[in-house]
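Asker: Predicted model and sequence below, questions to follow.
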Amino acid sequence: MTKNYINWLLFTLATLLLLVITAVFSLTVGEASISIGDLFPVLHSGEGMEYFILTQIRLPRVILAIAVGGSLSLSGAILQGIFRNPLVEPYTLGISGGAAFGVALIIVMGLHLSIGMFMLPAAGFTGAIATVILVSVLGFLRGGTDINKMLLIGVMISFVASSSMMFLMSITTTEYMHGIIFWIMGSLDEPNRGLIQATLYISLAGLMISYLFARSLNALRLGESKASTLGINSKSAIRILFILASLLTGISVSIAGVIGFAGLVIPHLIRILIGSDYRFLLMGSFLGGGIFLILSDVIARTIISPNELPIGVITGMAGGILFIIVLTQLRKTRKYGI
Amino acid sequence: MESEYLKIERMCCGYPGGFHLKEINFALQKGEFAGIIGPNGSGKTTIFRGISGILALRSGSMWLQSTDLSKLKPAMKAQRMAVVSQFPDVANVTVEDYVLMGRIPYREMFQFFESRNDHEIAQKYMQLTGIYEHRNKLMTQLSGGEQQLAAIAQALSQEPELLLLDEPTSHLDISHTVQILNLIQRLNHETSLTVIMIIHDLNLAAEYCDYLVMMDKGEIFTKGTPEEVLNYKNIEDVYKTVVVTQNNPLSGKPAIFLVSENIMREQREKYGGINR
C-alpha cells in the first residue's frame, strides 16, 4: 500500500465516523429530546411515541440528508472539475430552474391536488431532465464540447426557466404561490419511504461511478489537452460526468427542492482542507455534504421550534458565513484552488 | 527507407476557419532525435497537436510502426507517446503527485492508487531532472523553469517510445537547458527513445538534433540533417533575417550568428553587401 492509499483510507474512515456521530447526534435533537443513552433501547423497544419519532420522522430525514447532501456536493465537485471553474455549482446549469418550473407548472394547474403529492417530485425530475437534455444537446452539438459555451447555455436556460416560473407565480393565486415558494426553499420532509431509499441508493451508485472517473478528473485539472496526452478520453469523460452530475442534482432537487449552497461550498471546504486530488475530494464532498445537510436540518427544525424553517434558508446562511470565515482565516492556505 | 518508425503522410490539420497545415510529410527512424524549427506561427505546435490527437486530421495519416496513430486508444497512445507542451499546465498539486500523473495511462480500471513501481519510476525521473528536492512543493509555487522540468519528468514517467517536446527549454537558463537536453540525448542514446523537439534556438537545434524539419507558413520548407538545413540561405528565406553561419569548433555543427543593423550598414558601405 502506498502513501496515498493509506491516507485515503484514514481520511475516509475519519469522515465516515464524523458522519455517524453527526447522524446520531441529530437523532437525539428535536422537540422531543431523546438522550444518546436512550437511543438504542428506544429503537429496540419497537413501540411508543419516541420509537415512532425516531423511525418515522428523524431517521428518514437523516438518510435523505445524507443522500441529498452527498449528491449535491458530489455534483458540485464534479462540475467544478470538468468546467475548471470554482463558481460552478449543481444549479448553475439550469437544473434547479428547470425543476422549479416543472413543479410550478403542476402547482399552478392544481394537478398536485387532483392526482397526488407524488406529482411534485415527478414534475421536478421531468423539468430537471428536460433542462439537462436541452443543455447537452445544445452543448454537445456537432460533436464538440466547448465547455464554456455549455456553461453559458446552462446559465441562459436557467434564467429563462426562472423567468417562466416567475411568470406562472404572477398569474396564479396566493395559495399556489406559497406552495411554489415553499417547494423552492426546500425541505427534507418526504413522506414516501421508497423515494428516500431510491435516492440513497442512487446517490451511492453515483459516488461509485464517479470514482471510475477520478483519474480523469485529476488529469483534467491540467486541462483537456494535457489530459488527452495522459491517455484520458477527455470528451467522453466530460460528457459522462456531466450527465452523472446532472442526474444526481435532478433527483435531489425533485425530492428535496432547491437546497442551495451545499453543492458550491462543501467541495470548496474539502478542497481547502485536503487539496484537489479527486480521489479524496469525491469521497470528502459526498460525506461532507451529508454532514452539512444533517446539521442544517437540525438547525432548521429546532431554531424556531415547534415551527420549522426551510432548510435552504439555513444552508445558505450557515454555509455562506462558514465559508467566509474559513476563507479569511485560511487566506494563506497552500492547497486552495481547483 | 528501411524501418520507418514514425511516418507522417500528407497530414493536414488546423483550427476551424483559421490556420491549418498543408500536407506535412516526414518520417523518422527509431531512436532518431529530430527537431522542428521555423518562425513563430509557422505551424510547429500544430504538427504536435495533430500527432498527439488534440486536433483531428482533415486528411493524411500517421503511422507509429504499423499502428495507425489516429485509431490508437488514448491510454495505449499515452503509453507509447508523451507530450510536453510549451506552457506546462499546472494545478495545485505537489510536484510528486504531478509527476505521478505520468503513470495514469498504466492504471487499471479499478486501480485508483499508484503502485510502488509507479512511485519508483516517478522518483527516478524527478532525480534525473533535478526536481526531486522540490517534490513536496506545490506546482504553483515553482518557477517557470522548475515547472518545465516537472513537466518533462511527468512525460518521462510515461516511459514513452516517442517523446514530443514543445520548446522544452524556453524558460530555462543555459545550465538547465544543457542539463535537460543532455538528459534527453542520453535517454535517446541509451533507450532508443525517439524524440521530436520544437525549438527556437537554431544553435541548440544544430547541436542536439540528427534531423531537422524547417517549417514556414504551415508547410515544410526543407528537411534534412542540420548541415543541410541550417545554411544562411534557408534561414534568411524563412526567417527574413540576415545571419552568418560557421561551424562549432568542437562539434563541427552549424552555428548561427545574428548581425545588428549597424554592422550590416558598415558591411554594405565597405563591401556593397555582406562579406560572408
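Answerer: Yes, it's here. Numbering: from 1, shown residues only, chains lettered A, B, ... in the order given.
Asker: just the strands in chain B please.
Answerer: Applying DSSP state E to chain B gives strands spanning B:4-12, B:24-29, B:33-37, B:59-64, B:67-68, B:81-84, B:162-166, B:194-198, B:211-216, B:219-224, B:243-247, B:254-258.
Asker: Can you give the strand pairings for the second one, parallel or anti for each?
Answerer: Listed by DSSP bridges, the sheet partners of strand B:24-29 and their directions read strand B:4-12 (antiparallel).
Asker: now the angle from the partner strand to strand B:162-166?
Answerer: Put simply, strand B:4-12 runs at 50 degrees to strand B:162-166, going by axes from the mean of the first three to the mean of the last three CA atoms, to 10 degrees.
Asker: Need the strands of chain B in JSON lines (columns: mean neighbour count and mean pLDDT).
Answerer: Yep, even glycine has a C-beta here, placed from its N, CA and C like the rest. Shown next, in JSON lines, are these (neighbours: other CB atoms under 10 Å in any protein chain shown; pLDDT from 0 to 100):
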{"stretch": "strand B:4-12", "mean neighbour count": "17", "mean pLDDT": "92"}
{"stretch": "strand B:24-29", "mean neighbour count": "18", "mean pLDDT": "94"}
{"stretch": "strand B:33-37", "mean neighbour count": "25", "mean pLDDT": "96"}
{"stretch": "strand B:59-64", "mean neighbour count": "16", "mean pLDDT": "92"}
{"stretch": "strand B:67-68", "mean neighbour count": "12", "mean pLDDT": "91"}
{"stretch": "strand B:81-84", "mean neighbour count": "26", "mean pLDDT": "95"}
{"stretch": "strand B:162-166", "mean neighbour count": "23", "mean pLDDT": "95"}
{"stretch": "strand B:194-198", "mean neighbour count": "24", "mean pLDDT": "96"}
{"stretch": "strand B:211-216", "mean neighbour count": "23", "mean pLDDT": "96"}
{"stretch": "strand B:219-224", "mean neighbour count": "16", "mean pLDDT": "95"}
{"stretch": "strand B:243-247", "mean neighbour count": "15", "mean pLDDT": "92"}
{"stretch": "strand B:254-258", "mean neighbour count": "16", "mean pLDDT": "93"}
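Asker: of all the ones you listed, which lies closest to residue B:152?
Answerer: Closest of the strands of chain B to residue B:152 is strand B:81-84, at 5.5 Å (criterion: CB to CB).
Asker: In the stretch 151-276 of chain B, which residue sits nearest chain A?
Answerer: Distances between the stretch 151-276 of chain B and chain A by CB to the nearest CB are smallest at residue B:158, namely 7.5 Å.
Asker: Could you pick out the residues of the stretch 101-250 of chain A near chain B for me?
Answerer: A:211-212, A:214-215, A:218-219, A:221-223, A:225-226, A:228-233 (CB under 8 Å from any CB of the partner chain).
Asker: Which members of these are classed as buried?
Answerer: A:214-215, A:218-219, A:221-222, A:225-226, A:228-232 (16 or more other CB atoms under 10 Å in any protein chain shown).
Asker: Give me the neighbour count for the residue of the stretch 151-276 of chain B closest to chain A.
Answerer: 25 (other CB atoms under 10 Å in any protein chain shown).
Asker: Which residue, other than its chain neighbours, is closest to it?
Answerer: Closest residue to residue B:158 apart from its sequence neighbours, by CB to CB, 6 or more residues apart in numbering or on different chains: residue B:82 at 4.1 Å.
Asker: my guess is that neighbour contacts residue B:155, does it?
Answerer: Yes: between residue B:82 and residue B:155 there is a contact under CB atoms under 8 Å: 3.7 Å.
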